[in-house]
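Asker: sequence and predicted model, in that order:
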Amino acid sequence: MKNFRLLMINLKNCCIDSTQNDYFRKYYVMSSKMINPTKAIEIINQNIFLPKIVSIPLEKSIDFQLAEDLFADRDFPPFDRVMMDGIATQNTESKEWILEKTVFAGQEQTKLHDPNACIEIMTGSPLPVGCTAVIPKEEIEFIKSGDQIIAKFIGQNIAKSQFIHQKGADLKEKSLLIAKNTKITTLEIALAATIGKSKLPVFQKPTIALISTGDELVPVDQVPLPHQIRSSNIPMLSATLEAKGFQTEQKHIPDSKELLQTEIEKSLHSNDVLILSGGVSAGKKDFIPDVLKDLGFDCHFHKIAQKPGKPLWFGTRKKDQKTIFALPGNPISTFICFNVYVLPFLQQKDLDFFETKILNAKPNNKDLDFWLPAKWIQKGIEAEILPNNGSGDLVNWKEAEILVWQKAGQNSVYLPYIPVK
Ligand SMILES: Nc1nc2c(c(=O)[nH]1)N[C@H]1C(S)=C(S)[C@@H](COP(=O)(O)OP(=O)(O)OC[C@H]3O[C@@H](n4cnc5c(N)ncnc54)[C@H](O)[C@@H]3O)O[C@H]1N2
Ligand code: MOO
């Protein structure tokens, strides 16, 4: 009976829809309404919409995720490729060879007629038929003898098959070259170019609207009145996202239910993902959760058992595949929720956590997970938690090099972290 009552109370306060009741029972009731960060990450990952596939110019595709497997159209390399400017020969026992001809890269494969002779050859040429080794020009002296040229070996020794990059040694024709979902970086561009892809099929990056709310906020270039502050969250998010190749648009909406409703809906027309800042906790003008519900969003969670960043709200609207993260307005709460939940979602990759020793770790006896700012004492080995004044304290947090995750009840001195600098 006691559990049932608890469930009813929680159902009233929570925005989970009826189809998620089982889920709700399991995670909300058990952890007194709030889920923990691990569960929040899992829920976000279960609610990712499949992105559209678009074909974009190869040169514009850095940082995108490949949407199809790419296969080798030929062997890599496509012929036995000469690796040094010099001579190619068959008889590597000899120290002198008569020069038959000179061959340049870009010429068709040629043939060595006399196995005891040699061909002068350039890097990138196909190895002439009949040759088994290439000797660099630094180890050869060319001597004119009548109407012939003799190539004389002046090096130390000649190894078997030296300086030949063998046909297919790197990869065979039709083999998988770059797998679907690979993030395109510099070398993938070169590989795609090698197989003739001037355009690449990639997953389209979501378009993002960054929306601040709060009547106390003024734009960055405005002088605030004594009771006002400049909006720092939106520049923080937009600069970071633009640097990572996302397109963002920005908007501020005053604390009015009606304006929030119409302006958020407008932003949804032209964006896949909305990141809101502020108006999501318990204040009388914290309208965001209600407004998003009215706009037809399913709330997958509101509030996480974590500090900072407790009031984080996450939801999706299935009919048009829209996603909203409503971040708590305190700048450090925004910073943490963005790094831990939003950015991995946008980049479609798991957060990598590392572990380090924390010099001044204190036990966490609370029901909340803590996100703590820390600075290296010895990089990668030992760090110390920095003193700070909570989630509104940008000044002291700016010293943080790593964000340390101390789970509820944990009193180890070895803690996971993510780099933030
Ligand atoms: N009674 C309760 N009060 C609060 C709770 C709670 O559970 N019960 N939660 C607290 C926590 S934790 C946080 S975090 C904040 C978050 O509140 P909101 O998301 O509603 O954010 P606001 O109230 O709008 O703003 C909080 C704080 O952040 C400043 N802010 C907002 N937007 C920006 C911006 N774009 N740039 C810079 N600073 C911004 C704002 O001025 C406030 O100072 O609620 C606690 N309260
Ligand atoms: O949990 Mo709130 O994000 O600290 O101030």
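Answerer: Now that the structure is in, tell me what you want to look at. Ligands and ions are numbered 1, 2, ... in the order given.
Asker: burial count for residue 79?
Answerer: As a burial measure, residue 79 scores 15 neighbours (other CB atoms under 10 Å). In short, each C-beta sits where N, CA and C put it, glycine included.
Asker: apologies, that question was intended for residue 203.
Answerer: Neighbour count for residue 203, taken as other CB under 10 Å: 17.
Asker: now it. Nearest residue, chain neighbours left out?
Answerer: Closest residue to residue 203 apart from its sequence neighbours, by CB to CB, 6 or more residues apart in numbering: residue 51 at 4.2 Å.
Asker: quick one: contacts for the nearest residue to residue 217 once chain neighbours are set aside?
Answerer: The shortest distance from residue 217 to any non-neighbouring residue, by CB to CB, 6+ apart, is to residue 231 (4.3 Å). Counting by CB atoms under 8 Å, 6 or more residues apart in numbering, residue 231 touches 212, 214, 217, 218, 219, 220, 252.
Asker: tell me which of these is nearest to residue 96?
Answerer: Of all those, residue 220 has the smallest distance to residue 96: 76.7 Å, by CB to CB.
Asker: for the protein, which segments count as helices?
Answerer: Using DSSP state H, the helices found in the chain span residues 2-13, 21-24, 37-46, 186-194, 233-243, 257-270, 288-294, 331-337, 343-347, 394-397.
Asker: near ligand 2, which residues of this structure?
Answerer: Within reach of ligand 2 by CB under 6 Å from any ligand atom, the chain has these residues: 307, 308, 309, 310, 328, 330, 333, 391.
Asker: tally of neighbours for the fifth one?
Answerer: Here the number of neighbours of residue 328 (other CB under 10 Å) works out to 26.
Asker: my read: it touches residue 307, true?
Answerer: No: look at residue 328 against residue 307 with CB atoms under 8 Å: they stay out of range, at 10.6 Å.
Asker: how many residues are close by whatever residue of the stretch 101-250 of the chain ends up closest to ligand 1?
Answerer: Nearest to ligand 1 in the stretch 101-250 of the chain, going by CB to the nearest ligand atom, is residue 233, at a distance of 3.4 Å. Using other CB under 10 Å as the criterion, residue 233 is surrounded by 24 other residues.
Asker: turn the residues of the chain next to ligand 2 into a markdown table, including distance to residue 41 and pLDDT.
Answerer: As requested, the residues of the chain next to ligand 2 are exported to a markdown table (distance: CB to CB, whole Å; pLDDT from 0 to 100):
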| residue | distance to residue 41 | pLDDT |
| --- | --- | --- |
| 307 | 17 | 97 |
| 308 | 17 | 97 |
| 309 | 13 | 97 |
| 310 | 16 | 97 |
| 328 | 17 | 97 |
| 330 | 21 | 97 |
| 333 | 17 | 97 |
| 391 | 20 | 94 |
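Asker: pretty sure residue 324 contacts residue 280?
Answerer: No: in this structure, residue 324 is not within contact of residue 280 by CB under 8 Å, at 10.5 Å.
Asker: okay, and the common contacts of these two?
Answerer: Common contacts of residue 324 and residue 280, defined by CB under 8 Å, 6+ apart, comprise residue 313.
Asker: name whatever forms a beta bridge with residue 142.
Answerer: Per DSSP bridges, the residues bridged to residue 142 are residue 151.
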